[in-house]
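Visitor: sequence plus predicted model, see below.
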Amino acid sequence: GESVGLHLPTLSVQEGDNSIINCAYSNSASDYFIWYKQESGKGPQFIIDIRSNMDKRQGQRVTVLLNKTVKHLSLQIAATQPGDSAVYFCAENVIQGAQKLVFGQGTRLTINP
Amino acid sequence: EAEVAQSPRYKITEKSQAVAFWCDPISGHATLYWYRQILGQGPELLVQFQDESVVDDSQLPKDRFSAERLKGVDSTLKIQPAELGDSAMYLCASSLRGQGSDTQYFGPGTRLTVL
């Protein structure tokens, strides 16, 4: 079936460094992509989104890049802080009857002091 | 800031028992979603409501799961009977209209453990 997946299940970075979390998707018809952050014991929290007609979008300390040619999505976090430690999920909006989000497996980001 | 509310936060039950989870979406949000999240995996959609109507329940195990949103506001997800494999986090989310680019906001979830 069609799914969103992540290249790396875990990522460790030094505090203050930049982090890059990657995601591969398989549905070429997906028109909208979202990154969520999930801290332990909490629900996913929206970080940033991007439409398929864009290739880059920036937020506060975060940037999402979309490469439709290779069906690749990435989340860049600048100057990572201890509070950035969490599991990060990418999700794509697919149309299978009703529109719905399909989530990837997630990447656990650990910030080392 | 408005949030999606869920209760209970934790539920421990024995297999074959019935359990129910409650969700109150952000005020004014027409679309409500129930997801199941197995530890270490991403959330998977169980059911989606637009107001009081189900628009997608293709992944809901209907032999034991049921969901309702009678007045188009809050919602209840029920499992009867619970099985060991139902142990997971059950997440509720809501969005304004349920259109593709609407942001889905998640509640804190209910952690279900079936013994």
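Guide: Right, received. Where do you want to start? Note that the structure is predicted; figures quoted are calculated from it, not measured.
Visitor: give me the contact list for stretch B:18-26.
Guide: Stretch B:18-26 is touched from outside by B:2-8, B:11, B:13, B:32, B:34, B:73-82, B:90, B:92-94, B:105, B:107, B:110, B:112, with contacts defined as Cβ atoms under 8 Å, 6 or more residues apart in numbering or on different chains. Just so you know, the C-beta spots here come from the backbone N, C-alpha and C atoms, and that holds for glycine as well.
Visitor: what subset of these is buried?
Guide: Among those, the ones that count as buried by 16 or more other Cβ atoms under 10 Å in any protein chain shown are B:4, B:6, B:11, B:13, B:32, B:34, B:73, B:75, B:77, B:79, B:82, B:90, B:92-94, B:105, B:107, B:110, B:112.
Visitor: residue A:69: neighbouring residues, count only.
Guide: 7 (other Cβ atoms under 10 Å in any protein chain shown).
Visitor: from residue A:94, how far out is it?
Guide: For residue A:69, the distance to residue A:94 (Cβ to Cβ, to the nearest Å) stands at 19 Å.
Visitor: for residue A:53, same thing?
Guide: On the measure of Cβ to Cβ, residue A:53 and residue A:94 end up 17 Å apart.
Visitor: and the helix or strand of chain B with the lowest mean pLDDT, what does it pack onto?
Guide: Using mean pLDDT, DSSP states H and E, strand B:53-56 stands out as the lowest-scoring helix or strand of chain B, at a mean of 93. With contacts defined as 3 or more Cβ pairs under 8 Å, 6 or more residues apart in numbering or on different chains; DSSP states H and E, the packing partners of strand B:53-56 are strand A:98-103, strand B:44-50.
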